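Asks: Need coordinates for the following:
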Amino acid sequence: MSHVVSGDAINCERETDIGSDVEWISIAELVLRGSPRSAGEDADHALALAELEPEAELPPIVVQRGTNRVIDGMHRVRAAQLRGERAIRARYFDGDDAGAFVLAVRLNVRHGLPLSLADRKSAVLRILREHPGWSNRAVAEVVGLSPKTVGALRGQCGAPVAEVRIGRDGRVRPVSAASGRERAREILLRDPTSSLRTVSAAAGVSPGTVRAVRMQLNEQATALIPEQRAAEQRAASPKQNPDPRRARGATPRPAGPDRTGAMLRALRSDPSLRFNESGRLLLSVLAVAEMDARTRERLVGDLPDHCVEFVAELAEASGQAWQELAKRLAERRCAAAGSK
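Replies: Numbers count the residues shown, from 1 in each chain. Sure, this is the predicted structure:
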């Protein structure tokens, strides 16, 4: 699964992006340059079109609005000139020069006198320079070459390497599957409750890949929790911590920043907390424990004067609530120890 982006999407510059209205335009006003044909128009082909019966009406040319540059129909313009005509039927394309070039290549590959192999390869190099994020398959569809050929030419265009590429369907996919998996992992660590589709859309990988990453995180968490608990038990044993206050069951000293961070990371990785409502609530309020002195000072300094009294009272109430919670947890811990 991947997500659609706007702006540089592959689905633009198609025949459907050409205006439906047909207008007459003076041939003298047309700009006959910028063709994807390096050798210019084929004189014999233009002459053959000029010699067609008058009732064999040729399709209208395609012109870029604003510049009057001919995107498709150079040979038809030359044929009209050979007939002595001063105007020609045209439809307009609203888009920039890069889009106009892509459309010119797409149309000249599919009808009329086909582009030569050399011109199609040259078009690949220009499209990749102007749209480095387009996938090999997307470019191949425009120029009428194989994706393998486009891939071989990509290294010659001097375009920057994009982390993601846009496919023929307009969807973004990572160039490296590993980078997509890493993005999915980061999202799941930040919000373990995110749905598969939400993560797949954000990371540019399939829901199956997200599911595999989630299973891997759960397995790692399941393996980590026993190790974390064993380490805490070793740290709390008299042999490792011969503090007489611990031996008498006194309240342990507050954990340092490193230990606090390690405990919070372990809890956040525990599936038994992450996947139930009470556990998620606990994890959200425990985040306060990570607040350092600088953060506390910033909160105090930035607090509006009219809020100080209320926040101080609420903070004091929160402290009392935490003390009560710590007391209840200590009672549960003692009860569990006594039952063993």
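
Asks: Setting aside sequence neighbours, what's the nearest residue to residue 19?
Replies: Ranked by CB to CB, 6 or more residues apart in numbering and with sequence neighbours excluded, the top spatial neighbour of residue 19 is residue 92, at 4.6 Å. For glycine as for every other residue, the C-beta is placed from the backbone atoms N, C-alpha and C.

Asks: Go ahead and list the helix or strand containing that neighbour.
Replies: strand 87-93 (DSSP states H and E).

Asks: Can you check what angle separates the following helix or strand past that strand from strand 87-93?
Replies: Later in the chain than strand 87-93, the nearest helix or strand by DSSP H and E is helix 97-110. Comparing the axes of helix 97-110 and strand 87-93 via axes from the mean of the first three to the mean of the last three CA atoms, to 10 degrees yields an angle of 120 degrees.

Asks: wait, is residue 70 part of a strand?
Replies: Yes. The assignment for residue 70 by DSSP: H, G, I helix; E, B strand; the rest coil puts it in a strand.

Asks: neighbours of it, just the number please.
Replies: By other CB atoms under 10 Å, 25 other residues sit near residue 70.

Asks: for the one 5 residues further on, same thing?
Replies: The tally of other residues near residue 75 (other CB under 10 Å) stands at 24.

Asks: for it, what are its contacts?
Replies: 41-42, 45-46, 49, 112-113 (CB atoms under 8 Å, 6 or more residues apart in numbering).

Asks: By neighbour count, sort out the buried ones in these.
Replies: The neighbour-count criterion (16 or more other CB atoms under 10 Å) marks 41, 46, 49, 112-113 among the contacts of residue 75 as buried.

Asks: Quick one: the strands in the stretch 151-300 of the chain, in order.
Replies: Secondary structure of the stretch 151-300 of the chain (DSSP state E, counting those that start in this stretch): strands located at 164-166, 171-174.

Asks: Using pLDDT, spot the least trustworthy of the buried ones among the contacts of residue 75.
Replies: On pLDDT alone, residue 112 ranks lowest of the buried ones among the contacts of residue 75, at 78.

Asks: if you skip the residues just before and after it, what's nearest to that one?
Replies: Counting by CB to CB, 6+ apart, the residue nearest residue 112 is residue 75, at 6.6 Å.

Asks: Let's verify that neighbour: helix, strand, or coil?
Replies: Residue 75 - assigned by three-state DSSP - is helix.

Asks: so how far is stretch 190-198 from its chain's centroid?
Replies: Stretch 190-198 has its C-alpha centroid displaced from the chain centroid by 16 Å (CA atoms, centre = their mean, to the nearest Å).

Asks: Stretch 122-132: which residues count as buried?
Replies: Under 16+ other CB under 10 Å, the buried positions of stretch 122-132 are 122-125, 127-128, 130-132.

Asks: Turn these into TSV, columns for distance to residue 190, pLDDT and secondary structure.
Replies: Formatted as TSV, the buried residues of stretch 122-132 follow (distance: CB to CB, whole Å; pLDDT from 0 to 100; DSSP: H, G, I helix; E, B strand; the rest coil):
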residue	distance to residue 190	pLDDT	secondary structure
122	46	92	helix
123	43	92	helix
124	40	92	helix
125	40	91	helix
127	37	91	helix
128	35	88	helix
130	35	86	helix
131	32	84	coil
132	29	81	coil
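
Asks: Residue 216: which of those is nearest?
Replies: Set against residue 216, the nearest of the buried residues of stretch 122-132 by CB to CB is residue 132 (31.8 Å).

Asks: Quick check: that closest one vs residue 106, distance?
Replies: Computed as CB to CB, to the nearest Å, the residue 132 to residue 106 distance reads 19 Å.

Asks: Also residue 135?
Replies: Going from residue 135 to residue 106 by CB to CB gives 16 Å.

Asks: which of these two has more neighbours?
Replies: residue 135 (24 against 20).

Asks: Nearest residue to residue 144 in space, ignoring adjacent ones along the chain?
Replies: Here the residue nearest residue 144, using CB to CB, 6+ apart, is residue 109, at 4.1 Å.
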